[in-house]
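> Model the following, please.
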Amino acid sequence: MAGYIEDRWYKKGPDGKRTIPTAMHGQGKRYKVTGIPGVRSRCFPDKQKKAAEAWLAKAQADTAKGEFYDPRDGRLPLTDYVEQHWWPARTGDPATLRTVKGRVWNHILPHLGTLPLNGIKTAQLRLWLKTLDQSIGPSTIGEVWGELSSILQAAVDDERIAKNYCRSQRSVRPPAVPPRKARAWPKDRVFAVRQALPDRYKLMVDLGVGAGLRQGEVFGLAVEDVDEVEQVIHVRRQVKKIGAKLVFALPKGQKTRTVPVPPHLLARLREHLEAFPARKVTLPWGDPDAPATEREAKERAPQTFELIITSPRGMAVRRDSWDSRVWKPALSEVGLIPSPEECKQPIKARPGVSRTVLKYAEAREHGFHALRHTFASVQLDAREPIVSVSRWLGHADPSITLRIYAHMMPEADGRGRTAMQGWFTTPDS
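Take a look at the predicted model:
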């Protein structure tokens, strides 16, 4: 079997015994394990020949099975591995990448970054989870855990470590996320919040409830997407915030869709456009960063659409600004969330000077998505097929729709029993 141990301090004499000192005698480590294809040589100190023999035997056996991992590769600190190897190779949606980067740099590297890859094991994970539990919720912990698992699995695939302890340990797991049922709003709540919104934005409630559009899809809806003849809305794009910039992008899941809408919603659309004419808005497509190649330049080229919902200045609406300045004030007005607190906020351009801002409570369960849940509830209560509802919502698979909205489906009313009775009692023809 390939591989041998070289004595770097002594060479053979005329009698065949290693008794003649070499030029390296007494310098550095004495025993060098080498000669194994694909395995870097490794040296051991004087009086550790047995350790060298054991390492040679293990390396030979693991290499033969294709399972050799050099422990020296696992000594790379987690931060160095992420910055030099894992992160530069990541690709995908720019907004998703920014979210991932935030999780890694805010919640993983500050706590585990100095540890070597092969030093992240059960004990370290247990302490890390305890630290996270003091600052973020179960849902976020689960997402951060998934990112660390992805990093360690990449290190396994790179043959730097033999095991990903995020996957192999049952005794250490992220906290379970409490199940949350999607909840539809009653009609009076929908009308009350709609009434509390400025006239420019009332149509957003109609589009959320009447067509199941996501918030970004409402911001990206253009005149050309509404087909009054067929009574449908084509959901072709959304407005996304990437960093501090806005872009047009495909809807979530990279899927366009067509949603049937009632005449009442089409009438609301016409009324809105009479009061607030559509405005042409130009934004980059997909990624606001400067392109590095011709292909990127073509893919990210700015596009222009006549948007139905715009800001008072005729620009695309920014989600975070709209939530804090329009949506939450409406929720507060109708009593769904408490009145805001007045807080002092420093002005960056004017050191020592601050301004008073209104800070609203978190309103996750009363977010714009509640309108989408209401759309799904109405459709399922009308006994529309789950496959159709899934398609209108833009879900990748009907099982997703079923998992989210199963509790909204109407109870069985005996029609199946009646059909089965008819099957048994109808005589054969």
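> Give me the contact list for the longest helix along the chain.
What stands out as the longest helix in the chain, according to DSSP state H, is helix 138-157. Contacts with helix 138-157, where a contact means C-beta atoms under 8 Å, 6 or more residues apart in numbering, come from 74, 78, 81-82, 85-86, 100, 103-104, 107-108, 112, 117, 120, 129, 132-133, 136, 161-167, 174-178. Heads up, the C-betas are built off the backbone N, CA and C, glycines and all.
> Inside helices: which ones of those residues?
Among the contacts of helix 138-157, the members falling in helices (DSSP H) are 78, 81, 100, 103, 112, 129, 132-133, 165-167.
> Mark which of those residues are buried, thanks.
The neighbour count (16 or more other C-beta atoms under 10 Å) marks 78, 81, 100, 103, 112, 129, 132, 165-166 as buried among these.
> want to throw the residues you listed into JSON lines with pLDDT and distance to residue 307?
Converted to JSON lines, those look like this (pLDDT from 0 to 100; distance: C-beta to C-beta, whole Å):
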{"residue": "78", "pLDDT": "94", "distance to residue 307": "44"}
{"residue": "81", "pLDDT": "93", "distance to residue 307": "44"}
{"residue": "100", "pLDDT": "93", "distance to residue 307": "29"}
{"residue": "103", "pLDDT": "95", "distance to residue 307": "32"}
{"residue": "112", "pLDDT": "95", "distance to residue 307": "44"}
{"residue": "129", "pLDDT": "94", "distance to residue 307": "44"}
{"residue": "132", "pLDDT": "93", "distance to residue 307": "40"}
{"residue": "165", "pLDDT": "91", "distance to residue 307": "49"}
{"residue": "166", "pLDDT": "92", "distance to residue 307": "43"}
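> Which of those residues sits closest to residue 261?
Closest approach to residue 261 among these (C-beta to C-beta): residue 100, at 35.5 Å.
> Distance-wise, check the closest one relative to residue 15.
Here residue 100 is placed at a distance of 65 Å from residue 15 (C-beta to C-beta, to the nearest Å).
> do residue 337 as well
To residue 15, residue 337 is 92 Å away according to C-beta to C-beta.
> Between the two, which has more neighbouring residues?
residue 337 (18 against 7; other C-beta atoms under 10 Å).
> In three-state terms, label that one for me.
Under DSSP: H, G, I helix; E, B strand; the rest coil, residue 337 falls in the coil class.
> Next up, the contacts around it.
328, 331, 360-361, 363, 366.
> related to what we said a few turns ago, how about the ones in helices among the contacts of helix 138-157, which pair is most distant?
Largest separation among these by C-beta to C-beta: 81 and 133, giving 25.2 Å.
> Would you confirm that residue 316 contacts residue 280?
No. Here residue 316 does not reach residue 280: they are 10.8 Å apart, not a contact under C-beta atoms under 8 Å.
> any shared contact partners between these two?
residue 307.
> who's more crowded, those two?
Neighbours per residue (other C-beta under 10 Å) separate residue 316 from residue 280, with residue 316 holding more: 21 against 12.
> quick one, what contacts that one?
219-220, 239, 246, 281, 283, 307, 310.
> Mind checking which of those land in strands?
With strands taken from DSSP state E, the overlap with the contacts of residue 316 comprises 239, 246, 281, 283, 307.
> So which of those is surrounded by the most neighbours?
residue 307 leads the ones in strands among the contacts of residue 316 on contacts (other C-beta under 10 Å) with 26 neighbours.
> Roughly how far does that one sit from residue 393?
Applying C-beta to C-beta, the value for residue 307 to residue 393 is 22 Å.
> do the same with residue 172
In terms of C-beta to C-beta, residue 172 sits 36 Å off from residue 393.
> Just give me the residue closest to the centre of the chain.
The centre of the chain sits closest to residue 96, judged by C-alpha atoms, centre = their mean, with a distance of 5.5 Å.
> State the phi and psi torsions of it.
In terms of degrees, to the nearest 10, the main-chain angles of residue 96 are phi -60, psi -40.
> residue contacts, it?
Applying C-beta under 8 Å, 6+ apart to residue 96 gives no contacts.
> What does the pLDDT read for it?
Note on residue 96: pLDDT of 88.
> Surely residue 232 touches residue 260?
Yes. In this structure, residue 232 is within contact of residue 260 by C-beta under 8 Å, at 5.4 Å.
> Residue ranges in the stretch 1-150 of the chain under the pLDDT threshold?
Along the stretch 1-150 of the chain, the parts satisfying pLDDT under 70 run over 1, 67-73.
> Alpha carbons of stretch 130-145, in CSV - could you do that?
Only the C-alpha atoms of stretch 130-145 are listed here, as CSV (Å, rounded to 0.1, in the frame of the first residue of the first chain):
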residue,chain,number,x,y,z
LYS,A,130,-28.3,29.5,24.4
THR,A,131,-26.8,32.8,23.4
LEU,A,132,-29.1,33.3,20.5
ASP,A,133,-32.1,32.5,22.6
GLN,A,134,-31.4,35.6,24.6
SER,A,135,-31.6,38.0,21.7
ILE,A,136,-33.8,36.5,18.8
GLY,A,137,-36.9,34.4,18.5
PRO,A,138,-37.4,30.7,17.6
SER,A,139,-38.2,31.4,14.0
THR,A,140,-35.0,33.4,13.4
ILE,A,141,-32.9,31.0,15.3
GLY,A,142,-34.1,28.2,13.0
GLU,A,143,-33.2,30.2,10.0
VAL,A,144,-29.7,31.0,11.4
TRP,A,145,-29.2,27.4,12.3
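> which of the residues in it are buried?
By neighbour count on 16+ other C-beta under 10 Å, the buried set for stretch 130-145 is 132, 140-141, 143-145.
> again with stretch 97-107
Those would be 100, 103-104, 107, for stretch 97-107 by 16+ other C-beta under 10 Å.
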